[in-house]
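Colleague: have a look; sequence and predicted model below, questions after that.
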Amino acid sequence: MKKVLETKLSFGAEGAGKLVELYRTHVGNYPKFFKMDPLCRLGFIASEMLLNQENPRKYDCEDRAIVLFNRSASLADDSEYQKTIRDPEDYYPSPAVFVYTLPNIVTGEIAIRNKYYGETSFYVTEKRDDDLIVRTAALSFLDPAVTSVLAGWLECPDPEHYEADLFILEK
């Protein structure tokens with residue numbers, strides 16, 4: 001098993017605008033991007049930047065798994081949703097916010113965009129542990145159909161902190 005490609009992104013308060021700028025520069029043709037929560041946008045853009053390095057880029061395959069990790073799950077969006085239900089006098093639960101409140105949505109969006117039919121997993125851990133990420137991603141190779149894994153760390157605890165470190169492992 002070897003790491004063949006890697007991409008890293010890290011932003012502060014300018015992150016939300018920076019992700020839109022990167023979307024317009026590197027993708028531009030996936031309107032669902034604008035419905036995504038911050039974590040999903042981060043993972044989507046980081047994966048696009050990573051996958052754009054592949055030659056040829058893999059599409060429509062059953063041999064690629066996706067295994068991602070973070071510490072805060074979908075806290076950024078969960079906090080926004082909480083604001084819509086906090087006040088009993090102004091109670092307006094927003095399905096537009098709630099629909100993206102699970103961290104595994106990002107693995108699903110990456111899989112849908114690229115037509116990957118392999119395993120998709122999202123793990124929430126107490127802290128970043130690169131050895132754990134690689135060991136867990138490597139378990140995907142126990143499935144004989146899997147020849148590569150898009151894996152890594154995506155962290156977006158709030159709209160002012162964005163960190164992505166994604167890579168591709170191959171058998």
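Modeller: Perfect, thanks for sending it.

Colleague: make it CA atoms for all contacts and neighbour counts henceforth
Modeller: Fine.

Colleague: which helix or strand contains the residue most central in space within the chain?
Modeller: The chain has residue 43 as the residue nearest its centroid, 2.8 Å off, counting by Cα atoms, centre = their mean. If you go by DSSP states H and E, residue 43 is part of helix 38-51.

Colleague: what's in contact with that helix?
Modeller: With contact meaning Cα atoms under 8 Å, 6 or more residues apart in numbering, helix 38-51 is reached by 5-9, 16, 19, 22-23, 26-27, 33, 57-58, 74, 76-77, 100, 103, 105-107, 109-110, 154-156, 159, 162-167.

Colleague: among these, which lie within helices?
Modeller: 16, 19, 22-23, 26, 76-77, 105-107, 109-110 (DSSP state H).

Colleague: list buried residues within the residues you listed.
Modeller: 16, 19, 22-23, 76-77, 105-107, 109-110 (16 or more other Cα atoms under 10 Å).

Colleague: what's the lowest-pLDDT member of the residues you listed?
Modeller: Minimum pLDDT for those is recorded at residue 76 (62).

Colleague: got the phi and psi for the closest residue to residue 146 other than its chain neighbours?
Modeller: In this structure, residue 146 finds its nearest non-sequential neighbour in residue 63, 4.1 Å apart by Cα to Cα, 6 or more residues apart in numbering. Residue 63 adopts backbone torsions of phi -100, psi 10, taken as degrees, to the nearest 10.
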